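>>> Give me coordinates for this.
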Amino acid sequence: MVVYKKQQVMPSQNELSQDLTRGSIYKHLINIAIPASMGMFFNTLYNLTDNWFAGKISDTALVGLSISSIIFYLFLGLLAGLQNGTSVMLSSEIGGSKQKNKLIPLIGNAITLGIGLSLFVIVLGLLFAQQTIDWLSNDTTTAELAWDYIQVLILGNIGFSISSVAAGALMAMGDTKSNRNVLIIGFFANLILNPALTFGLEMGVSGLAWATLIIKLASAAYLLFVLAKRLKVRLVPNFKPDMALALLRQVLPASFNFIIMIMGSFIVTAFVSRFGDYAVAGYSVGLRIEQVLLLPALGLNIAVLAIAGQNYGAKNYRRIAETYRKGLILSFGIAIICIPVMIFLSPYLMGFFSSETEIIAAGVSYLRIDALAFFCYVSLFISVAALQAIKQPNFPVVMGAFRQLILPLMANYLLIVVYGYSLEWVFISVALIVFFSMLITLFYTRLQLKRLAQ
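Take a look at the predicted model:
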């Protein structure tokens, strides 16, 4: 077993983290959510930058990048839960006054788990990525470009896992600014590295992957440095079976949630594709616009997770319920702003991305219908964060499977395949499923928080 090397005396809780067990909940929510949302916004721009440079190489390169990105995100789903799982475990320990001695071993175990999952992704990628690319594309050139891109990221995916662990640990301490700074700097670094590697060194599509890999490894190193400096220790991998298992119980459900989300998008896209390529393009663009509008709510999700997690460790159960309630109130405020944008400004927003009438019409249709479910989405984010914070991550996985896989598959098969309804009914079915899922999840979350407070 590898242990950490202590450099200084373990800091007090006030030095270690932002104390989220006291003070204004609204202030904590806003202070944590805003940097987190900004970071995710620049991360979204980062991904768009890769697409833009791939398009400059060739249309085939853009298709290859799109295919490889889909596959890599499926593999990345195994790592996606590391940030939330680490945050849940650490925030609980930070809030608990008698268990701070577990913080360093917990982080060490999270690093070990991240390394283990990264190795697993490498094995899966080398075994199945090439075959999956060939299945998704019949064009030899496209498949070769997709493989050139994805093999670099698969072999170097440890940068993703370690940065997720470090970001999750800092998030538990109430620090989302460090990760925000990394994502902003990463975006601008990508603007420099992409053309330098892709065109300057003539690396082509693989240059885009190497740029991402360099940035991710640098991000992981910086976040680990910030974390080690805050903790006043040198962080190294550690392994204790009981801690690793406890972490895994939080990491895996969050990872499954991410994988289910990706698979759910495939299902909806498959039904939309029955109405033609323009419908798929319009839906895809509309979905990206909606995702940008959802970023403030995703920031709130991170804030609720950190605040509720610390208070769960401190056994301030009523404050958890208050955090949940105020998170919902703020999310309602976000919805009030975003829903009119989706309804009234959707034609103009779609016009930025395409001049094709059918593409714009499909995107506008999606945005206006799904606007009715916007508050449902943000409520689900807050509810899932609250349940994860009190270490009940399994219900969101079950609900996610029904909401994103089983019910959309059944409903749209009947509506579109059997009865031949129009494209709008794909979007209506999604909105209705989200609405009823929200009602069930709200009821379940309130019930669990009420039981916890008794």
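>>> wait, isn't residue 36 in contact with residue 180?
Yes. With contact defined as CB atoms under 8 Å, residue 36 counts as touching residue 180 (6.8 Å). For every residue, glycine as well, the C-beta is placed using N, CA and C.
>>> who's more crowded, these two?
residue 36 (25 against 22; other CB atoms under 10 Å).
>>> Which residues are in contact with the more buried one?
Contacts of residue 36 were listed using CB atoms under 8 Å, 6 or more residues apart in numbering, and they are 171, 176, 179, 180, 298, 299, 302, 303.
>>> Name the member of the residues you listed with the most neighbours.
Within those, residue 303 tops the neighbour count with 30 neighbours, counted by other CB under 10 Å.
>>> Tell me how far that one lies from residue 430.
27 Å (CB to CB, to the nearest Å).
>>> Check residue 333 too.
Plainly put, residue 333 is 24 Å away from residue 430 if you go by CB to CB.
>>> More neighbours: the two, which one.
Taking neighbours as other CB under 10 Å, residue 333 and residue 430 compare with residue 430 leading, 24 against 12.
>>> my guess is that one meets residue 408, correct?
Yes. Contact criterion CB under 8 Å: residue 430 and residue 408 qualify, at 6.3 Å.
>>> can you list residues touching both of these two?
What both residue 430 and residue 408 touch, as defined by CB under 8 Å, 6+ apart, is the set residue 268.
>>> excluding its backbone neighbours, what's nearest residue 297?
residue 378 (3.9 Å; CB to CB, 6 or more residues apart in numbering).
>>> Show me how the protein divides into domains.
According to automatic domain parsing, the chain comprises the domains 34-239, 254-454.
>>> what helices or strands is whatever helix or strand residue 253 lives in leaning on?
Assigned by DSSP states H and E, residue 253 belongs to helix 241-272. Where contact means 3 or more CB pairs under 8 Å, 6 or more residues apart in numbering; DSSP states H and E, helix 241-272 is packed against helix 59-95, helix 103-136, helix 277-293, helix 374-389, helix 394-401, helix 407-412, helix 424-453.
>>> distance between it and the chain's centre?
10 Å (CA atoms, centre = their mean, to the nearest Å).
>>> Tell me which residues of that helix come out buried.
Using 16 or more other CB atoms under 10 Å as the test for burial, helix 241-272 gives 243-244, 246-248, 250-261, 264-265, 267-268, 271-272.
>>> Spit out the contact partners of the residue nearest to residue 297.
Contacts of residue 378 by CB under 8 Å, 6+ apart are 294, 297, 300, 331, 332, 334, 335.
>>> do that again at 6 Å, thanks
Contacts for residue 378 (CB atoms under 6 Å, 6 or more residues apart in numbering) come out as 297, 331, 335.
>>> host element of the nearest residue to residue 427 once chain neighbours are set aside?
Excluding its sequence neighbours, the residue lying closest to residue 427 (CB to CB, 6+ apart) is residue 369, at 4.2 Å. In this assignment (DSSP H and E), residue 369 forms part of helix 357-370.
>>> Mind checking the pLDDT average for that helix?
For helix 357-370, the mean per-residue pLDDT is 94.
>>> which parts of that helix are buried?
Neighbour-count burial for helix 357-370, counted by 16+ other CB under 10 Å, picks out 359, 360, 361, 362, 363, 364, 365, 366, 367, 368, 369, 370.
>>> Quick one: residues contacting the nearest residue to the last one once chain neighbours are set aside.
Closest residue to residue 370 in three dimensions, ignoring its sequence neighbours and counting by CB to CB, 6+ apart: residue 431, at 5.6 Å. Residue 431 makes contact with 369, 370, 372, 373 under the criterion CB under 6 Å, 6+ apart.
>>> mind redoing it with 10 Å?
Contact partners of residue 431, counting by CB atoms under 10 Å, 6 or more residues apart in numbering, are 366, 369, 370, 371, 372, 373, 374, 376, 377.
>>> same check, this time on residue 193
53, 186, 200, 207, 208, 210, 211, 212, 213, 214, 215.
>>> Could you name the helices and strands sitting against the host helix or strand of the last one?
Applying DSSP H and E as the criterion places residue 215 in helix 205-231. Contacting helix 205-231 under the criterion 3 or more CB pairs under 10 Å, 6 or more residues apart in numbering; DSSP states H and E are the following elements: helix 13-16, helix 25-57, helix 59-95, helix 103-136, helix 140-155, helix 158-172, helix 177-195, strand 233-234.
>>> Mind checking these for the one nearest to residue 436?
helix 59-95 (24.9 Å; CB to CB).
>>> Give me the angle between that closest one and helix 374-389.
Orientation check (axes from the mean of the first three to the mean of the last three CA atoms, to 10 degrees): helix 59-95 against helix 374-389 gives 50 degrees.
>>> that older thread, so what does the helix holding residue 369 touch, helix or strand wise?
helix 241-272, helix 277-293, helix 317-344, helix 346-353, helix 374-389, helix 424-453.
>>> distance between stretch 213-225 and the chain's centre?
18 Å.
>>> Return the set of buried residues in it.
Neighbour-count burial for stretch 213-225 [16+ other CB under 10 Å]: 213, 214, 215, 216, 217, 218, 219, 220, 222, 223, 224.
>>> okay, residue 16: pLDDT?
On the pLDDT scale, residue 16 gets 61.
>>> And for residue 100?
53.
>>> next one: residue 311
pLDDT, residue 311: 95.
>>> Next one: it from residue 371, what distance?
The gap separating residue 311 from residue 371 is 33 Å, by CB to CB.
>>> Residue 270 too?
Residue 270 is 23 Å from residue 371, by CB to CB.
>>> do residue 292 as well
14 Å.
>>> which neighbours do these two share?
residue 338.
>>> higher neighbour count, these two?
residue 371 (21 against 14).
>>> The closest residue to the more buried one other than its chain neighbours - how many residues pack around it?
Residue nearest to residue 371 in three dimensions, not counting chain neighbours: residue 342, with 3.7 Å by CB to CB, 6+ apart. For residue 342, the neighbour count with other CB under 10 Å is 23.
>>> these two touch, right, residue 342 and residue 286?
Yes. Proximity of residue 342 to residue 286 meets the contact threshold set by CB atoms under 10 Å, at 8.9 Å.
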